[in-house]
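*Asks:* what shape does this take:
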Amino acid sequence: MTWATRFRIREYLRESLWVVPSLGAVLGLLGAMVVVTIDSHVKVPPQWAYSPSTASTVLSAVAGAVAALTGFVVTVTVLVVQMATGTFSARYMRLWYRDPVLKGVLALLIGTLAFSFSLLRHIEARSVPDLGVTVAEVLLIVGLVMFVLFLNRFVHRLRPVAVVALMAKGLRQSLGDDIAGVRDVMDVFAGPLEKMDEPPALQVRCARPGAIQAVRIKGVAAWARQHDCLVVMRHSVGEFLETGDLLFEVYGDPGETAAAERVLRGLVAMGLERTIEQDAAFALRVMVDVANKALSPAVNDPTTAVQVLDYLGDSLRPTCRCPAGMPARSNEASSCRFAVGTTSSRWASPRSVSSAAPRSRSCAGCMPSSGSCCRKCAQRTAPRLRPRSRDSMRRWPRDSRVRSIATGPAWPTVRVWEARTVLGS
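*Replies:* This next block holds a predicted model:
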């Protein structure tokens, strides 16, 4: 099994809504068998003893209450998802069906339902699973508490600032993983690539269409070191590739062509849509979508757009701490084994980001004469920029545009604050 297959299986399990509840149902059936066995060897206190009719009534009531509560949880989830995707972004739905609390509540309720039904089969005239009936009652109470916590969590996550904070957390984590992945592997380069003088010995093309979800950087670098080759990937994570598009270029002797193609394809995970794990630009894209929708005539909520810009400025600060000293890619740099080409297209469109800036005359305490919130984020970040970018920040007038804020030699130019973002313009 290749790394890409394991990655897709892991992603499917994280996104699936039926795996964890199914495990809860299985555990409920097994738990009922274990409780019945323990009940036959242990004498319970008199206050835990039930008559056959009382036990049947209690278990039937528990099963009915849990079934109704499960249906209510599903209904609330559907309504919340519909409201969130209509108000914020359709891409935000990925975070809802990955939520562990939702899966845990469904698993607990379905497991309690299976547990109660299984105990009903063991009620006889002279044998009553007293311990099992008590456990079913406790599980019902725990399920009610979990439902209240679930409802509180989902209601609070409908706030725009909670949505933005959640996406900003994913953006910071993805950026940190990307920077660490390039920094920890010494013979990996990420940045704009020059054209090679010699033709590649092997071109690995995409076998099926899809978005690049993740790349096993250490695996590609290890394969390149083993075969003494240079592997060039001119597409970054998040880009969509059609069938037959170029995926890898191999310079050197890769050995058997079919085996090399199979190994390299197995180190790149392709999927229907982008993910946040290795694609920080996707989290940025979702945050920009939230700001754009907040500024639409139907919503008209500039405060949400300002909050998005504030979190964007804080989330992009790790890019200013990229390791310095990495040279530009050249044909003479023989120490590099894996080169990943990055372009500004990986990031959100500058116009889309700039449209997130509020057009109102004043908002959140920002007066028109003070410039935009993007400018404030850039000024807070300026001390961490390279000297060349810091000088361009000082020369930036109020009514002009921030051109290109270079965030380190290991990263492409992040044109987040480009285009007109001045309040009142």
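
*Asks:* wasn't Gly143 part of a helix?
*Replies:* Yes: counting by DSSP: H, G, I helix; E, B strand; the rest coil, Gly143 falls inside a helix.

*Asks:* can you pull the contacts of it?
*Replies:* Gly143 sits next to Val66, Leu69, Val105, Leu108, Leu109, Thr112 when contact means Cβ atoms under 8 Å, 6 or more residues apart in numbering. Glycine gets a C-beta too; all of them are placed from N, C-alpha and C.

*Asks:* nearest to Glu261 among those residues?
*Replies:* Checking these against Glu261 by Cβ to Cβ gives Val105 as the nearest, at 44.9 Å.

*Asks:* residues near that closest one, how many?
*Replies:* 25 (other Cβ atoms under 10 Å).

*Asks:* that older thread, output the contacts of Gly143 as TSV; include the columns distance to Asp130, secondary structure and pLDDT.
*Replies:* Listed next are the contacts of Gly143 as TSV, based on distance: Cβ to Cβ, whole Å; DSSP: H, G, I helix; E, B strand; the rest coil; pLDDT from 0 to 100:
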residue	distance to Asp130	secondary structure	pLDDT
Val66	20	helix	95
Leu69	24	helix	93
Val105	28	helix	94
Leu108	22	helix	96
Leu109	23	helix	96
Thr112	18	helix	96
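
*Asks:* on the three-state scheme, Ala214 is what?
*Replies:* Three-state assignment for Ala214 (three-state DSSP): strand.

*Asks:* distance-wise, check it relative to Cys229.
*Replies:* Distance of Ala214 to Cys229, given as Cβ to Cβ, to the nearest Å: 22 Å.

*Asks:* before we move on, back to that, neighbour-wise, give me the winner out of the contacts of Gly143.
*Replies:* Leu109 leads those on contacts (other Cβ under 10 Å) with 31 neighbours.

*Asks:* hmm, back to that, quickly name whichever of the contacts of Gly143 is closest to Tyr50.
*Replies:* Among the contacts of Gly143, Thr112 lies closest to Tyr50 (Cβ to Cβ), at 17.6 Å.

*Asks:* what's the spacing between the closest one and Trp48?
*Replies:* When distance is defined by Cβ to Cβ, Thr112 is 18 Å away from Trp48.

*Asks:* neighbours of Arg216, just the number please.
*Replies:* Here the count is done by other Cβ under 10 Å, and Arg216 has 21 residues near it.

*Asks:* show me what contacts it?
*Replies:* Trp3, Ala4, Leu267, Val268.

*Asks:* show me the helices in this structure, by range?
*Replies:* Along the chain, counting by DSSP state H, helices occupy 3-15, 19-41, 52-87, 93-96, 100-120, 130-156, 160-184, 217-227, 257-265, 280-294, 302-315, 350-354, 373-381, 387-394.

*Asks:* and Ala190, how far is that from Asp178?
*Replies:* If you measure Ala190 against Asp178 using Cβ to Cβ, the figure is 8 Å.

*Asks:* so how far is stretch 203-214 off the chain centroid?
*Replies:* With Cα atoms, centre = their mean, to the nearest Å as the basis, stretch 203-214 stands 20 Å off its chain's centre.

*Asks:* just the endpoints, please. Distance across it?
*Replies:* Using Cα to Cα, to the nearest Å, one end of stretch 203-214 lies 19 Å from the other.

*Asks:* with stretch 151-167 instead?
*Replies:* 20 Å.

*Asks:* contacts for it, please.
*Replies:* Contacts of stretch 151-167 (Cβ under 8 Å, 6+ apart): 76-77, 80, 83-84, 87-88, 92, 95, 101-102, 283, 286-287, 290, 294, 301, 303-304, 307-308, 311.

*Asks:* ok, of those residues, which come out buried?
*Replies:* 76-77, 80, 84, 87-88, 92, 95, 102, 283, 286-287, 290, 294, 301, 304, 307-308, 311 (16 or more other Cβ atoms under 10 Å).

*Asks:* ok, the closest residue to Arg91 other than its chain neighbours to Pro318 distance?
*Replies:* Spatially, and ignoring its direct neighbours in sequence, Arg91 is nearest to Val286 (4.8 Å; Cβ to Cβ, 6 or more residues apart in numbering). Using Cβ to Cβ, Val286 is found at 18 Å from Pro318.

*Asks:* tell me the pLDDT at Lys335?
*Replies:* Careful, residue 335 is Ser; it's not Lys. With respect to pLDDT, Ser335 scores 56.

*Asks:* let me redo that: Asn292
*Replies:* 89.

*Asks:* quick revisit: highest neighbour count among the contacts of Arg216?
*Replies:* Val268 (26 neighbours).

*Asks:* show me the contacts for it.
*Replies:* Residues in contact with Val268 (Cβ under 8 Å, 6+ apart) are Ala4, Ile212, Ala214, Val215, Arg216, Leu247.

*Asks:* would you list these in TSV and tack on pLDDT?
*Replies:* Listed next are those as TSV, based on pLDDT from 0 to 100:
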residue	pLDDT
Ala4	92
Ile212	93
Ala214	91
Val215	92
Arg216	91
Leu247	92
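
*Asks:* which one of those residues is nearest Leu17?
*Replies:* Among the contacts of Val268, Ala214 lies closest to Leu17 (Cβ to Cβ), at 22.1 Å.

*Asks:* my guess is that closest one meets Phe7, correct?
*Replies:* Yes: using Cβ atoms under 8 Å, Ala214 makes contact with Phe7 at a distance of 5.7 Å.

*Asks:* what's the closest residue to Ala207 other than its chain neighbours in contact with, if anything?
*Replies:* Spatial nearest neighbour of Ala207, chain neighbours left out: Arg265 (6.4 Å); criterion: Cβ to Cβ, 6+ apart. By Cβ under 8 Å, 6+ apart, the contact list for Arg265 reads Thr2, Ala4, Val204, Ala207, Leu247.
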